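Q: Compute the structure for the input listed below.
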Amino acid sequence: MEHLTLETLGLAEAPRDHPLLYPGVWPRESGLLDGDRMLPLDVLVHPGRTPVLAVGSNASPAQLRHKMTESGIRSPIPMVKARVTGLDVGVSAHVSRLGYVSASPVEAPGTVRELFVTWLDDEQLAVIDASEGVPLPDGNYRRAWLPAPDVRIEPAPGVVLPGAYVYVNRHGVLHDGTGAPRTHPGQRPLLTELLVGSVRLRKLFGVTPEEFCARARADRRLCERGTRLFKDEKLVTASGLERYQGAGG
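A: Numbers count the residues shown, from 1 in each chain. Just a heads-up that it's a prediction; the model follows:
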């Protein structure tokens with residue numbers, strides 16, 4: 001099964017190692033992430049597991065593999081491509097210590113996106129929760145249950161999930177200048193736009209996306225200053241999903 005390895009499929013590079021590639025390469029189709037392989041997957045609904053929508057790097061098999069390996073977990077993860085209505089991919093209003101500005105879900109009635117549902121067992125869910133800061137009082141994300149019909153999740157025509165969890169950024173999201181949440185265009189264009197638009201941000205992180213990533217990586221205090229700057233410059237708005245936090249999560 002050498003042709004099914006992440007390397008062969010072009011899925012092996014994790015955003016944590018290459019921040020300008022964020023959110024990483026997503027699979028073309030549903031699959032079973034099993035170690036360094038992406039295997040075919042016929043079953044799209046997995047009772048007994050927790051469905052979690054991935055809007056950023058959690059849809060990158062390489063990123064997921066790294067998180068699980070780091071915690072000593074080797075069990076496979078079903079990743080199911082789904083048609084999602086009512087949700088879009090916004091920009092988190094915080095700077096990650098991994099060197100990028102990550103994605104965060106935003107309410108978007110009528111918007112249709114193709115996203116991945118990761119079906120996690122209890123151990124896997126605990127790892128992802130921890131990676132998103134859920135257990136921490138000052139963590140960046142909170143896990144929220146999005147019920148149907150508020151958000152419609154269709155892994156196959158005629159198959160609609162009763163809902164799924166998603167990670168909502170507790171800092172809010174960046175807006176597009178009109179007050180509406182902006183969508184995440186990918187890391188390099190996002191950082192380019194943010195740096196061009198803010199003298200203070202350039203003073204902290206440099207003038208290029210490469211400088212931004214290099215300065216942000218593993219510098220907790222600098223990332224915190226960048227996060228505060230988003231708010232100070234009034235770049236932040238609500239995601240529209242705040243009301244779901246604590247509902248079932």
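
Q: In space, what's closest to the residue nearest to the spatial centre of the chain - neighbours in sequence excluded?
A: When Cα atoms, centre = their mean is applied to the chain, the residue found nearest the centroid is residue 56 (2.5 Å). Ranked by Cβ to Cβ, 6 or more residues apart in numbering and with sequence neighbours excluded, the top spatial neighbour of residue 56 is residue 103, at 3.5 Å. C-beta coordinates here come from the backbone N, C-alpha and C atoms, glycine included.

Q: Show the contacting residues for the residue nearest to the centre of the chain.
A: Residues near residue 56 by Cβ atoms under 8 Å, 6 or more residues apart in numbering: 22-23, 89, 102-104, 184.

Q: cool, and residue 77?
A: Under the criterion of Cβ under 8 Å, 6+ apart, the contact partners of residue 77 comprise 32-33, 64, 68, 118-120, 124.

Q: can you tell me which of the contacts of residue 56 lies nearest to residue 75?
A: Within the set of the contacts of residue 56, residue 23 lies nearest residue 75; the separation is 23.2 Å, counting by Cβ to Cβ.

Q: Distance from stretch 80-94 to the middle of the chain?
A: Remark: stretch 80-94 is offset 8 Å from the chain centroid, using Cα atoms, centre = their mean, to the nearest Å.

Q: any idea which element residue 221 lies in?
A: With secondary structure defined by DSSP states H and E, residue 221 is part of helix 220-232.

Q: Can you dump the C-alpha atoms of that helix in PDB for me?
A: Extracted in PDB, the C-alpha atoms of helix 220-232 (Å, rounded to 0.1, in the frame of the first residue of the first chain):
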ATOM      1  CA  ARG A 220       4.400  33.200  23.600                       C
ATOM      2  CA  ARG A 221       4.700  36.800  24.700                       C
ATOM      3  CA  LEU A 222       5.000  38.100  21.200                       C
ATOM      4  CA  CYS A 223       2.000  36.100  20.100                       C
ATOM      5  CA  GLU A 224       0.000  37.500  23.100                       C
ATOM      6  CA  ARG A 225       1.000  41.100  22.000                       C
ATOM      7  CA  GLY A 226      -0.200  40.300  18.500                       C
ATOM      8  CA  THR A 227      -3.500  39.000  19.800                       C
ATOM      9  CA  ARG A 228      -4.000  42.100  21.900                       C
ATOM     10  CA  LEU A 229      -3.100  44.300  18.900                       C
ATOM     11  CA  PHE A 230      -5.900  42.800  16.800                       C
ATOM     12  CA  LYS A 231      -8.400  44.000  19.500                       C
ATOM     13  CA  ASP A 232      -6.700  47.300  20.100                       C
END
